[in-house]
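Trainee: The sequence isn't on hand, but the structure is:
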């Protein structure tokens, strides 16, 4: 079993930056990819970013490319999401996620991820 705990959410103004962190524990050696999704009320969960354990390959959703950066620290068992030039439309609950297997086209969808954190709120004011 894998446990994921997010931290770092909060309220910022448009154009500012914020960093999220996810502490991982449990059988992470069985988990191949860690990442982030986000969700706003009445909308489907949206893929934000993912990073592989073996070669640090990264993947991003179209709406955050060039603004967000995902990274991981194996020694600390943490995954971070640096969010720059935030926009009001980035307001959402952000979830840390993990999955087994390679990154596929289906990995852009929430159903393919095995483990989810409780989420942390990010609010960007205009």
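Mentor: That came through fine. Predicted model, so just to flag it, every value in this text is computed and none were measured. Numbers count the residues shown, from 1 in each chain.

Trainee: going forward, measure contacts between C-alpha atoms and count neighbours the same way
Mentor: Will do.

Trainee: who touches the residue most central in space within the chain in this structure?
Mentor: Relative to the mean C-alpha position of the chain, the nearest C-alpha, by C-alpha atoms, centre = their mean, is the one of residue 36, at 1.7 Å. Residues in contact with residue 36, defined by C-alpha atoms under 8 Å, 6 or more residues apart in numbering, are 47-50, 81, 94-97.

Trainee: That one - nearest residue in space that isn't next to it in sequence?
Mentor: Ranked by C-alpha to C-alpha, 6 or more residues apart in numbering and with sequence neighbours excluded, the top spatial neighbour of residue 36 is residue 96, at 4.7 Å.

Trainee: low-confidence ranges in the protein?
Mentor: Along the chain, the parts satisfying pLDDT under 70 run over 28-30.

Trainee: Enumerate every residue touching residue 99.
Mentor: By C-alpha under 8 Å, 6+ apart, the contact set of residue 99 is 31-34, 112-115.

Trainee: If we use 10 Å, what do you get?
Mentor: Going by C-alpha atoms under 10 Å, 6 or more residues apart in numbering, residue 99 touches 2, 28, 30-35, 50, 52, 107, 112-116.

Trainee: still on that earlier bit, mind checking how far the residue nearest to residue 36 is from residue 13?
Mentor: Residue 96 sits 23 Å away from residue 13 when distances are taken as C-alpha to C-alpha, to the nearest Å.
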